[in-house]
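Undergrad: have a look at this fold, sequence not included:
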DNA sequence: AATTTGTGCAACCGCCACCTG
DNA sequence: GCAGGTGGCGGTTGCACAAAT
């Protein structure tokens, strides 16, 4: 057993449970946001204020959108990152319902990875590059629409038992498939982003 | 079928700026 | 002006799951 000073409150870390989510949502519904440390204490959560704030802003807020980044959002992220660099919160403000954390993850896992791959390709002698194959790689490596729909869509919220417990709580809207309208080819994105 | 490797993402950490007494 | 508390931000880590072997 770990020893902890007896006057130091127990602090939970790691993944949030459904019960904790419910407590936080209900508390905020009744008392509003703000002063996160005292909120955590008052709500009876064994979490830091920071942890509560992060959980609320990134996952529990009713207006948070999760799931696939649309083609339009993808373009915006690239444009704004070119303009502002890693100012994720600033970028997130221009993508309604998206969080800085989500954009940051998206950039690192999809876009940055792709750019690295492309850099490796460009270091090859030109006559070694099979152009169609290169294009295929670009197309397949980072297509927003290829995300599994709701692949990780707020699993706690998505469960029916959770929704059953949540009166007056609107679950976030699923983003519409970008392919339903406005079809973009990845060449459009990367020609804009990589070639200048 | 079992194991290893790669990937995506939720959550934490550390730093800094701002506010208040 | 200073110290302590708090919020906000970007970077990093750890874990679960998928894909490859």
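TA: Looks like it came in fine. Not measured: the values here are computed from a predicted model.

Undergrad: would you map the helices across chain A?
TA: A:18-31, A:36-43, A:49-55, A:71-84, A:88-93, A:100-106, A:113-122, A:131-141, A:155-158, A:160-165, A:186-194 (DSSP state H).

Undergrad: pull out the buried positions in the first one.
TA: Meaning helix A:18-31. The neighbour-count check on helix A:18-31 (16 or more other CB atoms under 10 Å) flags A:20-28 as buried. C-betas here are computed from N, CA, C, even on glycine.

Undergrad: any low-confidence regions in chain A?
TA: Where chain A drops to pLDDT under 70, the residues are A:1-9, A:113-196.

Undergrad: close to DNA strand B: what parts of it are there?
TA: Neighbours of DNA strand B within chain A, by CB under 7 Å from any atom of the strand: A:12-16, A:47, A:50-51, A:54-55, A:58-59, A:66, A:101-102, A:104-106, A:108-110, A:113, A:147, A:151-152.

Undergrad: distance of residue A:40 relative to residue A:88?
TA: For residue A:40, the distance to residue A:88 (CB to CB, to the nearest Å) stands at 24 Å.

Undergrad: ignore what I typed, I meant residue A:51.
TA: Look at residue A:51 and residue A:88: by CB to CB, they are 19 Å apart.

Undergrad: touching stretch A:79-89 from outside, list them.
TA: Contact with stretch A:79-89 is made by A:90-91, A:94, A:100-101, A:103-104, A:107, A:111, A:192-193, as judged by CB atoms under 8 Å, 6 or more residues apart in numbering.

Undergrad: per-domain residue ranges of chain A.
TA: A:18-60, A:71-152+A:176-194 (automatic domain parsing).

Undergrad: my guess is residue A:33 contacts residue A:55, does it?
TA: No. Residue A:33 lies out of contact with residue A:55 (CB atoms under 8 Å); the separation is 11.9 Å.
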